[in-house]
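> predicted structure and sequence below. I'll ask about it afterward.
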Amino acid sequence: MAKRVKFKLNGREIEAEEGRLVIDAAKDVGVEIPHYCYHPALGNPGNCRMCVVEVAGAPKPQISCRTAVREGLDVQSDSAAAKRAQASALELHLVNHPLDCPVCDQSGECGLQDYYMKIGQYQSQVRENKQHKDKRVEAGPHVMLDQERCILCTRCTRFVENVTKTYELGVFRRGHAERVELTPGKVLDNDYSGNVVDICPVGALTDRDFRYKVRVWYLDKTDSVCPGCSRGCAVSVHTNTKRPWHNDGKRVARLKPRYNPEINGHWMCDEGRYGFGSLDRDRLGRVLRLAPREEELSWDAACAAIASELRGGAVAFVASGMLSNEDWSAAKTLFAGAKFYFTPEPDQIGAEDALLKRKEKVPNLKAAEALGLKSGSFDELAADLDAGRVRVLYVVERDLGRIWGEERAKTLVSRAACGVFQGPNACAVSEAFRYRLPATAYVEESGRFTNFEGKVSKYEKALEPIGSAKPDWEIFDAIRAALETSGKGAAA
């Protein structure tokens, strides 16, 4: 363990690990020192000169991202000399920066705007015309580059050099002509390209999927967990409900990574970042009995009818890895004697890498294992359905058409005396079931996921459910209550 030492920051004595950077030690106690180039996961090149502080005994201001804490160090980040140096550095960054804040997607979360209001508001000394560079450069499928807005902090180039090691971006030319450009022959299309937008402190790199969709001050932000794979990255869900006519009417505007040192650090992959597009597509909002004719039911009526079917035994429960820990626990109680099927099939398996991506493209199969549940294979389920050994087929958020083929799946579902489909979205074969129950999507509920390493993460409710949708655990508990009311106990 590193030695702890005492030093002064703005006249206040604080304690920190010896050798820790002053900029980090200050942040630990709630003091923000302005900075652009420094990023805790990308190093400290010290080229933006924004984090200058006054150090007692030093002949001139020092940059805090390269000054280490030591016993007796005396630092001033808010002295007149420090503020003057920070404002001067900011003015240099704004010399050629275009005044296009009203049309910039970064407006509202821009480091230049924030610092100008805090330490700027100076009378500009610059009289020369601004230098012009290329704008609206399509750097890759997800990222747009505006060279005029770039302040050459080099965060993006260090990300593709040190994190992804794909080298699509670099700083080219010299002097005042320097600019961030695509490396000749390359396109910014690595699996983590969206992260360069997150770390850009200005509007030089913007998200092509988000550009001009909705202003950031209209967004609500909720802590959540990415459901894209078994890594379970910590994310922030940015939702658009204040201006429903913005963002093409979609409720979720974007996902951003949320720092979690134990799971994903500062990053997330593009697959998870842009995987929410189908969230509101083909949503289920009504409790329906589809056969012998379509009719809408109350939740009480549907639960009573399904409970009556479950009493007959021979139940097959097909579950998705999207179920939360709470859902799995309630399902285990309700379907105590049923056969479970949740093994990942080809529709839930994909590529993985050494950084974050995992091959299991669902977040929470680990919770089922932790409860001691065992999964049969879908070949076994097909054989049981073919042979008429399954009376009730209860499917939660799994598209059996992708496993068996659409026509084959419909035929197999019809072999069960009763089929129940439950989930937030309709699928190709959901019309083949007798009952269709609307469940909430993960952004419409709170719960927990257990990732592939057994680490449990909590996600919060970001949106209201659509229609009559309820969390899966609540549906299971309601059916169990209907069974117990009849005095027959849990399903067998």
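That came through fine.

> isn't Trp203 right next to Arg149, touching?
To be clear, residue 203 is Gly; Trp isn't right here. Yes: counting by CB atoms under 8 Å, Gly203 touches Arg149, with 4.7 Å between them. Every C-beta, even on glycine, is put in place using the N, C-alpha and C of the backbone.

> what are the boundaries of the helices in the chain?
Shown for the chain, the helices assigned by DSSP state H span residues 22-28, 80-93, 111-119, 155-162, 195-199, 270-273, 299-310, 325-334, 366-370, 378-386, 400-404, 406-415, 472-485.

> what would those look like in a markdown table with mean neighbour count and distance to Leu463?
Listed next are the helices of the chain as a markdown table, based on neighbours: other CB atoms under 10 Å; distance: least, CB to CB, whole Å:
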| stretch | mean neighbour count | distance to Leu463 |
| --- | --- | --- |
| helix 22-28 | 20 | 32 |
| helix 80-93 | 18 | 38 |
| helix 111-119 | 18 | 28 |
| helix 155-162 | 21 | 31 |
| helix 195-199 | 23 | 22 |
| helix 270-273 | 23 | 18 |
| helix 299-310 | 20 | 20 |
| helix 325-334 | 22 | 18 |
| helix 366-370 | 20 | 23 |
| helix 378-386 | 17 | 32 |
| helix 400-404 | 22 | 26 |
| helix 406-415 | 17 | 30 |
| helix 472-485 | 21 | 16 |
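
> pick out the shakiest of those helices, pLDDT-wise.
Lowest mean pLDDT of these: helix 111-119, a mean of 88.

> and the angle from it to helix 80-93?
Going by axes from the mean of the first three to the mean of the last three CA atoms, to 10 degrees, helix 111-119 is angled at 150 degrees with respect to helix 80-93.

> quick one: contacts of stretch 317-327?
227, 230, 328, 331, 335, 338-342, 344, 348, 360, 362-365, 367-368, 381, 393-398, 400, 423, 442, 445, 447-450, 456, 471-473, 476 (CB atoms under 8 Å, 6 or more residues apart in numbering).

> same thing with stretch 255-271?
Contact with stretch 255-271 is made by 39-41, 142, 163, 191-195, 198-199, 223-224, 226, 228-229, 231-238, 272-274, 276, 350, 355-357, 451, 455, 457, as judged by CB under 8 Å, 6+ apart.

> ok, Gly454 - how many residues close by?
By other CB atoms under 10 Å, 10 other residues sit near Gly454.

> against Glu262, how distant is it?
11 Å (CB to CB, to the nearest Å).

> and Thr67, how many residues sit next to it?
21.

> can you pull the contacts of it?
The contact partners of Thr67, by CB under 8 Å, 6+ apart, come to Leu21, Val22, Val53, Val55, Val75.

> what's the closest of those residues to Gly46?
Leu21 (10.7 Å; CB to CB).

> hmm, back to that, can you say which of the helices of the chain is nearest to Pro45?
helix 155-162 (7.6 Å).

> other SSEs contacting that closest one?
strand 169-172, helix 195-199 (3 or more CB pairs under 8 Å, 6 or more residues apart in numbering; DSSP states H and E).

> could you redo these as TSV and give each row distance to Gln106?
TSV is the format used below for the helices and strands packed on helix 155-162 (distance: least, CB to CB, whole Å):
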stretch	distance to Gln106
strand 169-172	18
helix 195-199	9
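
> closest to Asp100 out of those?
helix 195-199 (17.4 Å).

> just how off-centre is the closest one within its chain?
13 Å (CA atoms, centre = their mean, to the nearest Å).

> which other residues reach it?
39, 42, 142-143, 155-156, 159-160, 163, 169, 188, 205-207, 256-257, 266-268.

> quick one: closest of the helices and strands packed on helix 155-162 to Arg4.
Closest to Arg4 of those, according to CB to CB: helix 195-199, at 30.2 Å.

> which parts of stretch 122-139 are buried?
Lys133, Val137, Ala139 (16 or more other CB atoms under 10 Å).

> and the residues you listed, which is closest to Ser64?
Relative to Ser64, the closest of the buried residues of stretch 122-139 is Lys133; by CB to CB it sits at 29.8 Å.

> the closest one and Glu148 touch, don't they?
Yes: Lys133 is in contact with Glu148 according to CB under 8 Å; the separation is 4.9 Å.

> buried subset of the contacts of stretch 255-271?
39, 41, 142, 163, 191-195, 198-199, 224, 226, 228-229, 231-238, 272-274, 276, 356-357, 451, 457.

> just the ones of those residues in strands?
Ser224, Ala234, Val235, Ser236, Val237, His238, Ser457 (DSSP state E).

> partners of the fifth one in the sheet?
Under DSSP bridges, the beta-bridge partners of Val237 are Thr222, Leu255.

> what about it, distance to Tyr394?
Separation of Val237 from Tyr394 (CB to CB): 29 Å.

> also the last one?
Plainly put, Ser457 is 27 Å away from Tyr394 if you go by CB to CB.

> then the fourth one?
Relative to Tyr394, Ser236 is positioned 34 Å away (CB to CB).

> tell me which of the helices of the chain sits nearest to Arg293.
helix 299-310 (14.2 Å).

> ok, and what's touching that closest one?
Contacts for helix 299-310 (CB under 8 Å, 6+ apart): 287, 289, 297, 391-392, 417-418, 420, 435, 437, 468, 470, 475, 478-479, 481-483, 486, 488, 491.

> next, the angle from that helix to helix 325-334.
Going by the same axes, to 10 degrees, helix 299-310 makes 50 degrees with helix 325-334.

> what's across from Leu21 in the sheet?
With DSSP bridges as the criterion, Leu21 is bridged to Ala68.

> what number of residues lie near it?
Applying other CB under 10 Å, we find 22 residues neighbouring Leu21.

> which residues touch it?
Asn44, Ser64, Cys65, Arg66, Thr67, Ala68, Val69.

> mind doing that once more with 10 Å?
27, 33, 38, 40, 44, 51, 63-69 (CB atoms under 10 Å, 6 or more residues apart in numbering).

> likewise Ala382?
Contacts of Ala382 (CB under 10 Å, 6+ apart): Leu400, Ile403, Trp404, Arg408, Ala409, Thr411, Leu412, Arg415.

> same question for Arg408.
Ala382, Leu400, Gly401, Val429.

> do I have it right that the third one meets Thr411?
Right, the one you point to is Gly401. No: if you go by CB atoms under 10 Å, Gly401 and Thr411 don't touch, sitting 11.1 Å apart.
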